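Q: Sequence isn't available, so here's the structure alone:
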RNA sequence: GCUCCCUUCGUCUAGAGGCCUAGGACACGGCCCUCUCAAGGCUGGAACACGGGUUCGACUCCCGUAGGGAGCGCCA
(Lines give C-alpha, C1' and ligand atoms only; values in the text may rest on other atoms or scores of the structure.)
Protein backbone atom coordinates (compact mmCIF):
# COMPACT_ATOMS: atom_id res chain seq x y z
CA UNK A 1 0.00 0.00 0.00
CA UNK A 2 1.88 3.04 -1.20
CA UNK A 3 1.78 6.36 0.58
CA UNK A 4 0.05 7.84 -2.45
CA UNK A 5 -2.94 5.57 -2.23
CA UNK A 6 -6.21 7.43 -2.41
CA UNK A 7 -8.35 6.79 0.64
CA UNK A 8 -11.87 8.16 0.67
CA UNK A 9 -14.45 7.79 3.38
CA UNK A 10 -18.14 7.84 3.96
CA UNK A 11 -19.08 8.91 7.47
CA UNK A 12 -22.80 8.74 8.17
CA UNK A 13 -24.43 9.28 11.50
CA UNK A 14 -26.78 6.44 12.43
CA UNK A 15 -29.72 8.61 13.35
CA UNK A 16 -32.01 7.65 10.50
CA UNK A 17 -32.28 5.75 7.26
CA UNK A 18 -29.86 6.25 4.40
CA UNK A 19 -31.39 8.85 2.15
CA UNK A 20 -30.64 9.44 -1.48
CA UNK A 21 -28.36 12.37 -0.75
CA UNK A 22 -26.21 10.19 1.52
CA UNK A 23 -26.33 7.33 -0.95
CA UNK A 24 -25.00 9.59 -3.68
CA UNK A 25 -22.26 10.89 -1.41
CA UNK A 26 -21.27 7.32 -0.57
CA UNK A 27 -21.36 6.34 -4.23
CA UNK A 28 -19.11 9.21 -5.27
CA UNK A 29 -16.58 8.41 -2.58
CA UNK A 30 -16.60 4.83 -3.76
CA UNK A 31 -16.17 5.85 -7.39
CA UNK A 32 -13.37 8.26 -6.60
CA UNK A 33 -11.55 5.51 -4.71
CA UNK A 34 -12.06 2.97 -7.48
CA UNK A 35 -11.09 5.48 -10.12
CA UNK A 36 -7.74 6.11 -8.44
CA UNK A 37 -7.15 2.53 -7.43
CA UNK A 38 -7.67 3.38 -3.78
CA UNK A 39 -10.05 2.29 -1.07
CA UNK A 40 -12.92 3.61 0.96
CA UNK A 41 -13.35 3.72 4.71
CA UNK A 42 -16.71 3.52 6.45
CA UNK A 43 -16.87 5.45 9.69
CA UNK A 44 -19.87 5.73 11.97
CA UNK A 45 -20.34 9.19 13.45
CA UNK A 46 -22.30 8.32 16.53
CA UNK A 47 -21.13 10.96 18.97
CA UNK A 48 -24.67 12.12 19.59
CA UNK A 49 -25.93 9.37 21.86
CA UNK A 50 -29.41 10.85 21.99
CA UNK A 51 -29.97 10.55 18.27
CA UNK A 52 -27.98 7.41 17.59
CA UNK A 53 -29.85 4.14 17.29
CA UNK A 54 -28.13 0.83 16.92
CA UNK A 55 -30.65 -0.46 14.37
CA UNK A 56 -29.59 2.27 12.00
CA UNK A 57 -25.99 1.04 12.01
CA UNK A 58 -26.88 -2.39 10.68
CA UNK A 59 -29.54 -0.95 8.37
CA UNK A 60 -26.98 1.45 6.96
CA UNK A 61 -24.47 -1.30 6.31
CA UNK A 62 -27.19 -3.36 4.65
CA UNK A 63 -28.25 -0.45 2.44
CA UNK A 64 -24.71 0.38 1.34
CA UNK A 65 -23.97 -3.27 0.61
CA UNK A 66 -27.16 -3.56 -1.38
CA UNK A 67 -26.04 -0.59 -3.46
CA UNK A 68 -22.93 -2.56 -4.35
CA UNK A 69 -20.53 -0.39 -2.38
CA UNK A 70 -17.61 -1.97 -0.58
CA UNK A 71 -15.28 -0.53 1.98
CA UNK A 72 -11.83 -1.78 2.88
CA UNK A 73 -12.10 -0.55 6.45
CA UNK A 74 -15.11 -0.15 8.67
CA UNK A 75 -16.87 -1.20 11.85
CA UNK A 76 -17.92 -4.52 10.33
CA UNK A 77 -14.61 -5.42 8.66
CA UNK A 78 -12.09 -3.78 10.94
CA UNK A 79 -8.85 -2.28 9.70
CA UNK A 80 -5.62 -0.57 10.74
CA UNK A 81 -7.36 2.52 12.07
CA UNK A 82 -9.94 0.83 14.26
CA UNK A 83 -12.20 1.55 15.97
CA UNK A 84 -14.47 2.94 13.24
CA UNK A 85 -17.16 4.25 15.51
CA UNK A 86 -16.62 7.66 16.96
CA UNK A 87 -18.25 6.61 20.20
CA UNK A 88 -15.27 4.31 20.71
CA UNK A 89 -12.56 6.80 19.82
CA UNK A 90 -12.69 8.83 23.03
CA UNK A 91 -9.08 8.19 23.99
CA UNK A 92 -7.85 9.46 20.63
CA UNK A 93 -9.89 12.62 20.99
CA UNK A 94 -8.70 12.99 24.57
CA UNK A 95 -5.08 13.01 23.50
CA UNK A 96 -5.60 15.96 21.17
CA UNK A 97 -7.86 17.78 23.63
CA UNK A 98 -5.02 17.74 26.12
CA UNK A 99 -2.56 18.97 23.54
CA UNK A 100 -4.82 21.83 22.56
CA UNK A 101 -5.56 22.79 26.15
CA UNK A 102 -2.00 22.67 27.38
CA UNK A 103 -0.92 24.87 24.50
CA UNK A 104 -3.80 27.25 25.25
CA UNK A 105 -5.17 26.69 21.75
CA UNK A 106 -8.44 25.74 23.38
CA UNK A 107 -10.07 26.91 26.59
CA UNK A 108 -12.88 25.83 28.87
CA UNK A 109 -16.11 27.75 28.38
CA UNK A 110 -18.61 28.03 31.22
CA UNK A 111 -21.38 29.74 29.32
CA UNK A 112 -24.67 27.92 29.55
CA UNK A 113 -26.83 27.07 26.56
CA UNK A 114 -29.29 29.66 27.72
CA UNK A 115 -26.68 32.41 27.95
CA UNK A 116 -25.39 31.52 24.52
CA UNK A 117 -28.89 31.55 23.08
CA UNK A 118 -29.57 34.99 24.50
CA UNK A 119 -26.29 36.29 23.17
CA UNK A 120 -27.01 34.88 19.73
CA UNK A 121 -30.43 36.47 19.59
CA UNK A 122 -29.29 39.88 20.66
CA UNK A 123 -26.51 39.86 18.11
CA UNK A 124 -28.93 38.85 15.40
CA UNK A 125 -31.35 41.54 16.53
CA UNK A 126 -28.57 44.11 16.34
CA UNK A 127 -27.86 43.01 12.80
CA UNK A 128 -24.60 41.37 13.67
CA UNK A 129 -23.34 37.88 12.87
CA UNK A 130 -24.20 35.49 15.70
CA UNK A 131 -20.75 34.55 16.88
CA UNK A 132 -19.43 33.47 20.25
CA UNK A 133 -18.81 36.67 22.22
CA UNK A 134 -15.60 35.40 23.79
CA UNK A 135 -16.87 35.62 27.35
CA UNK A 136 -14.65 32.81 28.64
CA UNK A 137 -11.79 33.37 26.23
CA UNK A 138 -9.48 35.08 28.70
CA UNK A 139 -10.94 34.27 32.09
CA UNK A 140 -8.63 35.01 35.01
CA UNK A 141 -7.75 32.02 37.21
CA UNK A 142 -9.91 33.50 39.95
CA UNK A 143 -12.92 33.96 37.70
CA UNK A 144 -12.50 30.47 36.40
CA UNK A 145 -12.29 29.07 39.91
CA UNK A 146 -15.50 30.86 40.79
CA UNK A 147 -17.28 29.13 37.90
CA UNK A 148 -15.85 25.80 38.94
CA UNK A 149 -16.94 26.35 42.53
CA UNK A 150 -20.45 27.00 41.31
CA UNK A 151 -20.34 23.53 39.78
CA UNK A 152 -20.57 24.61 36.14
CA UNK A 153 -19.29 21.94 33.78
CA UNK A 154 -17.40 23.57 30.96
CA UNK A 155 -17.28 22.86 27.27
CA UNK A 156 -14.00 23.21 25.43
CA UNK A 157 -13.68 25.88 22.79
CA UNK A 158 -11.11 26.20 20.05
CA UNK A 159 -9.40 29.57 20.08
CA UNK A 160 -9.69 30.83 16.52
CA UNK A 161 -6.66 32.97 15.62
CA UNK A 162 -7.33 36.51 14.50
CA UNK A 163 -6.57 38.12 11.16
CA UNK A 164 -5.74 34.96 9.31
CA UNK A 165 -6.62 34.07 5.78
CA UNK A 166 -7.55 30.44 5.26
CA UNK A 167 -7.14 29.26 1.70
CA UNK A 168 -7.56 25.89 0.09
CA UNK A 169 -8.48 24.18 -3.13
CA UNK A 170 -11.83 22.50 -3.24
CA UNK A 171 -12.05 19.48 -5.51
CA UNK A 172 -15.29 20.79 -6.98
CA UNK A 173 -15.35 24.54 -6.42
CA UNK A 174 -11.71 25.37 -6.89
CA UNK A 175 -9.89 28.01 -4.89
CA UNK A 176 -11.54 29.10 -1.63
CA UNK A 177 -10.59 31.88 0.71
CA UNK A 178 -11.98 32.76 4.15
CA UNK A 179 -11.08 35.16 6.93
CA UNK A 180 -10.59 33.78 10.42
CA UNK A 181 -12.16 36.92 11.87
CA UNK A 182 -15.48 35.79 10.43
CA UNK A 183 -15.33 32.66 12.53
CA UNK A 184 -16.16 32.60 16.20
CA UNK A 185 -14.49 30.29 18.72
CA UNK A 186 -16.34 27.01 18.41
CA UNK A 187 -17.03 24.14 20.76
CA UNK A 188 -14.92 21.03 20.23
CA UNK A 189 -15.89 19.16 23.38
CA UNK A 190 -19.35 19.11 24.83
CA UNK A 191 -20.22 19.53 28.47
CA UNK A 192 -20.57 15.76 28.78
CA UNK A 193 -17.02 15.30 27.54
CA UNK A 194 -17.84 13.97 24.08
CA UNK A 195 -16.25 15.37 20.95
CA UNK A 196 -18.27 17.71 18.77
CA UNK A 197 -18.60 17.25 15.02
CA UNK A 198 -16.09 19.83 13.76
CA UNK A 199 -13.49 18.20 15.93
CA UNK A 200 -14.11 14.46 15.74
CA UNK A 201 -14.78 14.57 12.04
CA UNK A 202 -11.55 16.42 11.27
CA UNK A 203 -9.43 14.44 13.72
CA UNK A 204 -10.67 11.16 12.31
CA UNK A 205 -10.06 12.13 8.71
CA UNK A 206 -6.51 13.03 9.64
CA UNK A 207 -5.77 10.07 11.90
CA UNK A 208 -7.35 7.56 9.55
CA UNK A 209 -5.12 8.73 6.70
CA UNK A 210 -8.05 9.84 4.59
CA UNK A 211 -6.78 11.62 1.49
CA UNK A 212 -9.96 12.64 -0.34
CA UNK A 213 -13.47 13.32 0.83
CA UNK A 214 -16.58 14.00 -1.17
CA UNK A 215 -19.18 15.56 1.12
CA UNK A 216 -22.21 17.80 0.98
CA UNK A 217 -21.88 21.45 0.14
CA UNK A 218 -23.30 22.34 3.53
CA UNK A 219 -19.81 21.59 4.83
CA UNK A 220 -18.02 24.04 2.58
CA UNK A 221 -18.07 26.88 5.08
CA UNK A 222 -17.14 24.45 7.86
CA UNK A 223 -13.94 23.55 6.11
CA UNK A 224 -11.91 26.57 7.27
CA UNK A 225 -12.73 25.68 10.88
CA UNK A 226 -11.51 22.15 10.41
CA UNK A 227 -8.37 23.26 8.65
CA UNK A 228 -7.58 25.66 11.46
CA UNK A 229 -8.05 22.91 13.99
CA UNK A 230 -5.91 20.38 12.16
CA UNK A 231 -3.31 23.03 11.43
CA UNK A 232 -3.00 23.81 15.15
CA UNK A 233 -2.42 20.13 15.83
CA UNK A 234 0.05 19.71 13.02
CA UNK A 235 -2.21 17.22 11.27
CA UNK A 236 -2.83 17.38 7.56
CA UNK A 237 -6.37 17.59 6.25
CA UNK A 238 -7.62 15.57 3.30
CA UNK A 239 -8.70 17.22 0.10
CA UNK A 240 -12.38 17.98 0.18
CA UNK A 241 -14.81 18.09 -2.69
CA UNK A 242 -18.11 19.70 -1.83
CA UNK A 243 -21.00 18.42 -3.85
CA UNK A 244 -24.18 20.31 -4.47
CA UNK A 245 -27.16 19.30 -2.43
CA UNK A 246 -29.70 16.86 -3.72
CA UNK A 247 -33.20 18.28 -3.80
CA UNK A 248 -36.55 16.61 -4.19
CA UNK A 249 -38.69 17.04 -7.27
CA UNK A 250 -40.42 19.92 -5.49
CA UNK A 251 -37.14 21.74 -4.94
CA UNK A 252 -36.96 21.21 -1.20
CA UNK A 253 -33.84 19.64 0.29
CA UNK A 254 -33.89 15.88 0.21
CA UNK A 255 -32.30 15.64 3.61
CA UNK A 256 -32.95 13.41 6.56
CA UNK A 257 -35.27 16.02 7.95
CA UNK A 258 -37.28 16.76 4.83
CA UNK A 259 -36.96 13.82 2.48
CA UNK A 260 -39.14 10.77 2.56
CA UNK A 261 -37.04 8.96 -0.01
CA UNK A 262 -34.66 6.43 1.47
CA UNK A 263 -32.67 3.61 -0.05
CA UNK A 264 -34.82 1.15 1.84
CA UNK A 265 -38.05 2.54 0.43
CA UNK A 266 -36.75 2.36 -3.11
CA UNK A 267 -35.47 -1.15 -2.62
CA UNK A 268 -38.81 -2.23 -1.23
CA UNK A 269 -40.58 -0.56 -4.11
CA UNK A 270 -38.71 -3.01 -6.31
CA UNK A 271 -36.00 -0.88 -7.82
CA UNK A 272 -32.70 -2.54 -8.69
CA UNK A 273 -29.67 -1.08 -6.97
CA UNK A 274 -27.91 -0.81 -10.32
CA UNK A 275 -30.76 1.33 -11.63
CA UNK A 276 -30.59 3.58 -8.60
CA UNK A 277 -26.84 3.95 -8.97
CA UNK A 278 -27.23 4.89 -12.63
CA UNK A 279 -29.56 7.71 -11.71
CA UNK A 280 -27.51 8.84 -8.73
CA UNK A 281 -24.38 8.82 -10.88
CA UNK A 282 -25.93 11.40 -13.20
CA UNK A 283 -27.22 13.65 -10.44
CA UNK A 284 -24.67 16.39 -10.12
CA UNK A 285 -22.27 14.51 -12.35
CA UNK A 286 -22.32 14.21 -16.10
CA UNK A 287 -21.10 11.61 -18.47
CA UNK A 288 -21.43 11.54 -22.25
CA UNK A 289 -22.30 7.88 -21.94
CA UNK A 290 -26.03 7.32 -22.05
CA UNK A 291 -25.76 3.58 -21.65
CA UNK A 292 -26.60 1.63 -18.53
CA UNK A 293 -23.38 1.52 -16.54
CA UNK A 294 -21.97 -0.92 -13.99
CA UNK A 295 -20.12 0.48 -10.98
CA UNK A 296 -16.84 -0.35 -12.71
CA UNK A 297 -17.99 1.55 -15.80
CA UNK A 298 -18.94 4.47 -13.59
CA UNK A 299 -15.58 4.42 -11.87
CA UNK A 300 -13.93 4.64 -15.27
CA UNK A 301 -16.16 7.52 -16.29
CA UNK A 302 -16.05 9.35 -12.97
CA UNK A 303 -14.52 12.76 -13.42
CA UNK A 304 -14.17 15.44 -10.76
CA UNK A 305 -14.28 18.12 -13.44
CA UNK A 306 -17.71 16.91 -14.43
CA UNK A 307 -19.23 17.51 -11.05
CA UNK A 308 -22.03 20.04 -11.16
CA UNK A 309 -21.93 22.92 -8.71
CA UNK A 310 -25.63 23.69 -8.65
CA UNK A 311 -28.17 21.55 -6.81
CA UNK A 312 -29.77 18.62 -8.60
CA UNK A 313 -33.35 17.42 -8.35
CA UNK A 314 -34.09 13.79 -7.79
CA UNK A 315 -36.38 12.70 -10.61
CA UNK A 316 -38.47 9.54 -10.16
CA UNK A 317 -39.13 9.44 -13.92
CA UNK A 318 -35.44 9.14 -14.64
CA UNK A 319 -34.97 6.50 -11.97
CA UNK A 320 -37.77 4.60 -13.64
CA UNK A 321 -36.02 4.90 -16.98
CA UNK A 322 -32.86 3.32 -15.61
CA UNK A 323 -34.91 0.63 -13.95
CA UNK A 324 -36.55 -0.06 -17.29
CA UNK A 325 -33.14 -0.23 -18.96
CA UNK A 326 -32.06 -2.67 -16.28
CA UNK A 327 -35.04 -4.93 -16.97
CA UNK A 328 -34.48 -4.68 -20.74
CA UNK A 329 -30.88 -5.84 -20.32
CA UNK A 330 -31.72 -8.84 -18.16
CA UNK A 331 -30.46 -12.14 -19.55
CA UNK A 332 -32.81 -15.11 -19.53
CA UNK A 333 -31.18 -16.49 -16.40
CA UNK A 334 -31.24 -13.17 -14.61
CA UNK A 335 -34.88 -12.61 -15.46
CA UNK A 336 -35.64 -16.10 -14.21
CA UNK A 337 -33.86 -15.45 -10.93
CA UNK A 338 -35.65 -12.14 -10.53
CA UNK A 339 -39.16 -13.36 -11.26
CA UNK A 340 -39.18 -17.01 -10.17
CA UNK A 341 -39.66 -16.18 -6.45
CA UNK A 342 -43.02 -14.59 -7.13
CA UNK A 343 -44.42 -17.40 -9.28
CA UNK A 344 -46.37 -20.44 -8.06
CA UNK A 345 -44.18 -23.28 -6.82
CA UNK A 346 -43.75 -26.31 -9.04
CA UNK A 347 -43.92 -24.42 -12.30
CA UNK A 348 -42.24 -26.18 -15.22
CA UNK A 349 -39.12 -24.39 -16.49
CA UNK A 350 -40.75 -23.96 -19.93
CA UNK A 351 -43.71 -22.28 -18.30
CA UNK A 352 -41.46 -19.93 -16.39
CA UNK A 353 -39.67 -18.97 -19.57
CA UNK A 354 -42.95 -18.57 -21.41
CA UNK A 355 -44.18 -16.28 -18.66
CA UNK A 356 -41.05 -14.18 -18.83
CA UNK A 357 -41.24 -13.94 -22.62
CA UNK A 358 -44.86 -12.85 -22.40
CA UNK A 359 -44.69 -10.18 -19.69
CA UNK A 360 -41.15 -8.85 -19.52
CA UNK A 361 -41.66 -6.09 -22.13
CA UNK A 362 -44.45 -4.75 -19.93
CA UNK A 363 -42.53 -4.93 -16.70
CA UNK A 364 -40.54 -2.19 -15.02
CA UNK A 365 -40.89 -3.00 -11.34
CA UNK A 366 -41.27 -6.44 -9.82
CA UNK A 367 -44.72 -5.26 -8.82
CA UNK A 368 -45.77 -5.26 -12.49
CA UNK A 369 -44.71 -8.88 -12.88
CA UNK A 370 -46.57 -9.76 -9.72
CA UNK A 371 -49.74 -8.31 -11.18
CA UNK A 372 -49.45 -10.45 -14.34
CA UNK A 373 -48.59 -13.59 -12.47
CA UNK A 374 -51.73 -13.02 -10.43
CA UNK A 375 -53.82 -12.60 -13.58
CA UNK A 376 -52.34 -15.63 -15.30
CA UNK A 377 -51.95 -18.07 -12.42
CA UNK A 378 -54.33 -16.66 -9.85
CA UNK A 379 -57.70 -18.26 -9.23
CA UNK A 380 -59.92 -15.20 -9.05
CA UNK A 381 -59.94 -12.50 -11.68
CA UNK A 382 -60.88 -8.91 -11.01
CA UNK A 383 -62.53 -7.14 -13.94
CA UNK A 384 -62.21 -3.53 -14.89
CA UNK A 385 -65.60 -2.11 -15.82
CA UNK A 386 -64.61 -1.40 -19.40
CA UNK A 387 -63.23 -4.92 -19.81
CA UNK A 388 -66.39 -6.46 -18.44
CA UNK A 389 -68.47 -4.43 -20.87
CA UNK A 390 -66.22 -5.35 -23.80
CA UNK A 391 -66.46 -9.04 -23.00
CA UNK A 392 -70.21 -9.00 -22.63
CA UNK A 393 -70.61 -7.10 -25.86
CA UNK A 394 -69.08 -9.97 -27.82
CA UNK A 395 -71.97 -12.21 -26.79
CA UNK A 396 -72.21 -15.77 -25.42
CA UNK A 397 -71.95 -17.38 -28.83
CA UNK A 398 -68.49 -15.97 -29.34
CA UNK A 399 -67.30 -17.41 -26.08
CA UNK A 400 -68.93 -20.83 -26.35
CA UNK A 401 -67.36 -21.21 -29.77
CA UNK A 402 -64.01 -20.11 -28.42
CA UNK A 403 -64.22 -22.33 -25.35
CA UNK A 404 -65.07 -25.27 -27.53
CA UNK A 405 -61.85 -24.82 -29.46
CA UNK A 406 -59.63 -24.94 -26.40
CA UNK A 407 -57.74 -28.22 -26.11
CA UNK A 408 -54.77 -28.97 -23.88
CA UNK A 409 -53.55 -25.48 -24.72
CA UNK A 410 -55.42 -22.64 -26.20
CA UNK A 411 -54.33 -22.07 -29.77
CA UNK A 412 -54.98 -18.67 -31.25
CA UNK A 413 -55.64 -19.83 -34.79
CA UNK A 414 -58.01 -22.56 -33.58
CA UNK A 415 -59.95 -19.97 -31.58
CA UNK A 416 -59.99 -17.64 -34.54
CA UNK A 417 -61.51 -20.13 -36.91
CA UNK A 418 -63.95 -21.35 -34.27
CA UNK A 419 -65.27 -17.86 -33.59
CA UNK A 420 -64.99 -16.57 -37.12
CA UNK A 421 -63.88 -13.23 -35.70
CA UNK A 422 -60.70 -11.39 -36.53
CA UNK A 423 -58.75 -8.29 -35.65
CA UNK A 424 -59.85 -6.26 -32.68
CA UNK A 425 -63.27 -7.97 -32.68
CA UNK A 426 -61.44 -11.18 -32.00
CA UNK A 427 -58.68 -10.09 -29.65
CA UNK A 428 -60.37 -7.58 -27.41
CA UNK A 429 -63.20 -9.77 -26.06
CA UNK A 430 -60.67 -12.51 -25.49
CA UNK A 431 -58.26 -10.18 -23.74
CA UNK A 432 -61.07 -8.80 -21.59
CA UNK A 433 -62.41 -12.20 -20.61
CA UNK A 434 -59.00 -13.72 -19.91
CA UNK A 435 -57.22 -10.84 -18.18
CA UNK A 436 -60.02 -8.65 -16.88
CA UNK A 437 -58.53 -5.62 -18.55
CA UNK A 438 -58.21 -4.00 -21.95
CA UNK A 439 -54.47 -3.39 -21.89
CA UNK A 440 -51.57 -5.73 -21.41
CA UNK A 441 -48.91 -7.89 -23.02
CA UNK A 442 -49.45 -9.49 -26.41
CA UNK A 443 -52.17 -12.06 -26.24
CA UNK A 444 -50.47 -14.88 -28.13
CA UNK A 445 -47.59 -15.40 -25.68
CA UNK A 446 -49.97 -14.78 -22.80
CA UNK A 447 -52.22 -17.59 -24.01
CA UNK A 448 -49.25 -19.84 -24.41
CA UNK A 449 -48.50 -19.67 -20.72
CA UNK A 450 -52.00 -19.72 -19.29
CA UNK A 451 -53.20 -23.26 -18.44
CA UNK A 452 -55.75 -24.53 -20.97
CA UNK A 453 -58.41 -25.38 -18.43
CA UNK A 454 -58.23 -21.89 -16.96
CA UNK A 455 -58.64 -20.39 -20.42
CA UNK A 456 -61.68 -22.56 -20.99
CA UNK A 457 -63.19 -21.69 -17.60
CA UNK A 458 -62.80 -17.96 -18.15
CA UNK A 459 -64.29 -18.19 -21.63
CA UNK A 460 -67.21 -20.29 -20.43
CA UNK A 461 -67.96 -17.69 -17.81
CA UNK A 462 -69.04 -15.38 -20.61
CA UNK A 463 -70.67 -18.15 -22.63
CA UNK A 464 -73.38 -18.38 -20.01
CA UNK A 465 -75.06 -15.12 -20.81
CA UNK A 466 -77.33 -13.33 -18.46
C1' G B 1 -27.35 40.66 9.45
C1' C B 2 -22.40 38.65 8.03
C1' U B 3 -19.56 34.93 5.17
C1' C B 4 -19.68 31.43 1.37
C1' C B 5 -21.90 28.67 -2.78
C1' C B 6 -25.11 28.50 -7.01
C1' U B 7 -28.26 30.14 -11.69
C1' U B 8 -28.32 26.56 -19.83
C1' C B 9 -34.92 23.09 -22.30
C1' G B 10 -40.20 20.82 -17.26
C1' U B 11 -35.86 17.54 -15.15
C1' C B 12 -30.49 15.60 -15.46
C1' U B 13 -26.87 17.94 -18.19
C1' A B 14 -22.87 19.26 -22.71
C1' G B 15 -20.53 23.81 -23.34
C1' A B 16 -13.41 26.21 -20.76
C1' G B 17 -14.50 33.57 -26.48
C1' G B 18 -15.80 32.13 -32.73
C1' C B 19 -16.93 24.70 -33.69
C1' C B 20 -23.88 27.24 -30.93
C1' U B 21 -29.02 27.92 -36.26
C1' A B 22 -26.92 26.09 -28.10
C1' G B 23 -25.79 19.26 -28.36
C1' G B 24 -27.43 14.70 -25.65
C1' A B 25 -30.62 11.97 -22.04
C1' C B 26 -35.37 11.63 -19.33
C1' A B 27 -40.30 13.32 -19.66
C1' C B 28 -44.02 15.14 -23.18
C1' G B 29 -46.49 15.43 -28.47
C1' G B 30 -46.87 13.21 -33.50
C1' C B 31 -46.11 9.21 -36.99
C1' C B 32 -44.85 3.97 -38.00
C1' C B 33 -45.42 -1.05 -36.12
C1' U B 34 -49.81 -3.21 -33.82
C1' C B 35 -55.75 -6.64 -30.91
C1' U B 36 -54.55 -2.98 -26.60
C1' C B 37 -50.66 -1.37 -23.49
C1' A B 38 -45.58 -1.85 -23.29
C1' A B 39 -41.19 -2.41 -26.18
C1' G B 40 -38.90 -0.73 -30.78
C1' G B 41 -38.10 2.82 -35.08
C1' C B 42 -38.66 7.80 -36.98
C1' U B 43 -39.95 12.70 -35.72
C1' G B 44 -41.49 17.50 -33.11
C1' G B 45 -41.82 21.36 -29.47
C1' A B 46 -38.74 22.97 -25.48
C1' A B 47 -33.31 26.65 -22.29
C1' C B 48 -28.26 30.35 -21.95
C1' A B 49 -32.21 34.56 -14.86
C1' C B 50 -31.73 40.06 -15.86
C1' G B 51 -28.73 44.57 -16.80
C1' G B 52 -24.24 46.71 -17.84
C1' G B 53 -19.25 46.32 -19.47
C1' U B 54 -14.54 43.97 -21.95
C1' U B 55 -13.95 42.18 -27.11
C1' C B 56 -14.11 42.35 -34.15
C1' G B 57 -17.08 38.53 -31.57
C1' A B 58 -19.78 36.22 -25.12
C1' C B 59 -23.65 30.78 -22.90
C1' U B 60 -18.45 31.18 -22.04
C1' C B 61 -14.45 36.77 -19.02
C1' C B 62 -15.57 41.20 -15.42
C1' C B 63 -19.11 44.14 -12.49
C1' G B 64 -23.87 44.79 -10.67
C1' U B 65 -29.17 43.23 -9.86
C1' A B 66 -32.67 39.52 -8.94
C1' G B 67 -33.63 34.67 -7.30
C1' G B 68 -32.22 30.07 -4.80
C1' G B 69 -29.14 27.46 -1.16
C1' A B 70 -25.62 26.68 2.90
C1' G B 71 -22.94 28.12 7.25
C1' C B 72 -22.62 31.35 11.55
C1' G B 73 -25.67 25.18 17.00
C1' C B 74 -23.18 21.72 23.51
C1' C B 75 -26.87 18.52 15.11
C1' A B 76 -23.90 16.07 11.81
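A: Here it is on my side, so go on. Bear in mind the structure is a predicted one, so any value in this text is a computation, not a measurement. Numbers count the residues shown, from 1 in each chain, chains lettered A, B, ... in the order given.
Q: Now for residue A:67, how many residues are close by?
A: By the measure other Cβ atoms under 10 Å, the count of residues near residue A:67 is 21. Yep, even glycine has a C-beta here, placed from its N, CA and C like the rest.
Q: What of residue A:164?
A: A total of 15 residues lie near residue A:164 under the criterion other Cβ under 10 Å.
Q: residues contacting the residue nearest to it when sequence neighbours are not counted?
A: The shortest distance from residue A:164 to any residue other than its chain neighbours is 3.9 Å, reached at residue A:180 (Cβ to Cβ, 6 or more residues apart in numbering). With contacts defined as Cβ atoms under 8 Å, 6 or more residues apart in numbering, residue A:180 is in contact with A:160-166, A:224, A:228.
Q: Run a quick neighbour tally on residue A:400.
A: Neighbours of residue A:400 using other Cβ under 10 Å come to 18.
Q: and it, helix, strand or coil?
A: Judged by DSSP: H, G, I helix; E, B strand; the rest coil, the three-state class of residue A:400 is helix.
Q: Identify the residue nearest it in space, chain neighbours excluded?
A: That would be residue A:463: by Cβ to Cβ, 6+ apart, it lies 3.9 Å from residue A:400.
Q: same check, this time on residue A:44
A: residue A:85 (4.4 Å).
Q: What separation do you get for the one you found and residue A:446?
A: 54 Å (Cβ to Cβ, to the nearest Å).
Q: Neighbour count: those two, which is higher?
A: Between residue A:85 and residue A:446, residue A:446 has the larger neighbour count (other Cβ under 10 Å), namely 25 against 17.
Q: so where does that one fall, helix or strand?
A: Using DSSP states H and E, residue A:446 sits within helix A:443-449.
Q: how about the strands in chain A?
A: Counting by DSSP state E, one finds strands in chain A at the ranges A:7-10, A:39-42, A:106-109, A:155-158, A:165-170, A:174-179, A:186-189, A:212-216, A:239-243, A:246-247, A:312-313.
Q: Please tell me I have it right and residue A:222 contacts residue A:199.
A: No: in this structure, residue A:222 is not within contact of residue A:199 by Cβ atoms under 8 Å, at 11.3 Å.
Q: more crowded one of these two?
A: Shown here are residue A:222 and residue A:199; by other Cβ under 10 Å, residue A:199 has more neighbours (27 against 18).
Q: And residue A:79, how far from RNA strand B?
A: 19 Å (Cβ to the nearest atom of the strand, to the nearest Å).
Q: Oops, could you answer that again for residue A:185 instead?
A: From residue A:185 to RNA strand B the distance is 8 Å (Cβ to the nearest atom of the strand).
Q: With residue A:262 instead?
A: Taking Cβ to the nearest atom of the strand, one finds residue A:262 at 16 Å from RNA strand B.
Q: And the pLDDT for that residue?
A: At residue A:262, the model reports a pLDDT of 91.
Q: Leaving out sequence neighbours, find the closest residue to it.
A: Using Cβ to Cβ, 6+ apart, the closest residue to residue A:262 is residue A:17 (3.9 Å).
Q: swap in residue A:24?
A: residue A:280 (4.5 Å).
Q: what number of residues lie near residue A:204?
A: If we define neighbours as other Cβ under 10 Å, then residue A:204 has 22 of them.
Q: contacting residues around it?
A: Residue A:204 neighbours (Cβ under 8 Å, 6+ apart): A:11, A:43, A:86, A:89, A:210.
Q: one more time with 10 Å, if that's ok
A: A:9, A:11, A:41, A:43, A:45, A:81, A:84, A:86, A:89, A:92-93, A:195, A:210 (Cβ atoms under 10 Å, 6 or more residues apart in numbering).
Q: now do residue A:121
A: By Cβ under 10 Å, 6+ apart, the neighbours of residue A:121 are residue A:130.
Q: where does it sit relative to RNA strand B, distance-wise?
A: Computed with Cβ to the nearest atom of the strand, the distance linking residue A:121 and RNA strand B is 10 Å.
Q: Tell me the confidence at that residue?
A: Residue A:121 carries a pLDDT value of 90.
Q: I'd like the distance from it to residue A:127, if you could.
A: Counting by Cβ to Cβ - residue A:121 and residue A:127 are separated by 12 Å.
Q: ok, now residue A:456?
A: For residue A:456 relative to residue A:127 (Cβ to Cβ), the value is 83 Å.
Q: mind listing the helices for the stretch 151-300 of chain A?
A: Taking DSSP state H, counting those that start in this stretch to define them, one finds helices in the stretch 151-300 of chain A at A:197-207, A:223-233, A:263-268, A:273-281, A:295-301.
Q: can you tell me which of these the model trusts least?
A: Sorting these by mean pLDDT places helix A:263-268 lowest, at a mean of 92.
Q: Of all the residues in it, which ones are buried?
A: A:263-264, A:266-267 (16 or more other Cβ atoms under 10 Å).
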